[in-house]
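> Structural data only, the sequence is not supplied:
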């Protein structure tokens, strides 16, 4: 069993409130449901224009986990283009 976390840092330049930020993050989270991953905001909850999402995938092989997380990262960039500033995959087991 392989577990990996994708850390996605985002800059939300047009967000003027936490409500604006939550709307963007909700859109992203809703779109990622089809990838069978778990998504949570893990840092910067009180900042308007910055967010870090943690996206977790579990599978039997490293390749499958990495493909799932890469597809999730691509979907984020497709749904909200230009907002992702950094991504990093961390294998836990």
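That came through fine. These figures come from a predicted structure and were not determined experimentally.

> Give me the buried stretch members for whichever helix or strand residue 40 is part of, please.
Using DSSP states H and E, residue 40 falls within strand 38-43. With burial defined by 16 or more other CB atoms under 10 Å, the residues of strand 38-43 counted as buried are 39, 41. (Each C-beta comes from the backbone N, C-alpha and C, glycine too.)

> so what does it touch, helix or strand wise?
Counting by 3 or more CB pairs under 8 Å, 6 or more residues apart in numbering; DSSP states H and E, the packing neighbours recorded for strand 38-43 are helix 18-32, strand 50-59.

> Next, the angle strand 38-43 makes with the longest one.
Computed with axes from the mean of the first three to the mean of the last three CA atoms, to 10 degrees, the direction of helix 18-32 lies at 150 degrees from that of strand 38-43.

> Other residues contacting helix 18-32?
Identification of contacts with helix 18-32 by CB atoms under 8 Å, 6 or more residues apart in numbering yields 12, 14-15, 39, 41, 46-49, 51, 53, 55, 72, 75-76, 79-80, 83.

> now the helices and strands packed on strand 38-43 as TSV including distance to residue 8, mean pLDDT and mean neighbour count?
Formatted as TSV, the helices and strands packed on strand 38-43 follow (distance: least, CB to CB, whole Å; pLDDT from 0 to 100; neighbours: other CB atoms under 10 Å):
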stretch	distance to residue 8	mean pLDDT	mean neighbour count
helix 18-32	9	95	16
strand 50-59	5	97	19
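
> got the ones you listed as TSV, with distance to residue 68 columns?
Shown next, in TSV, are the helices and strands packed on strand 38-43 (distance: least, CB to CB, whole Å):
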stretch	distance to residue 68
helix 18-32	10
strand 50-59	4
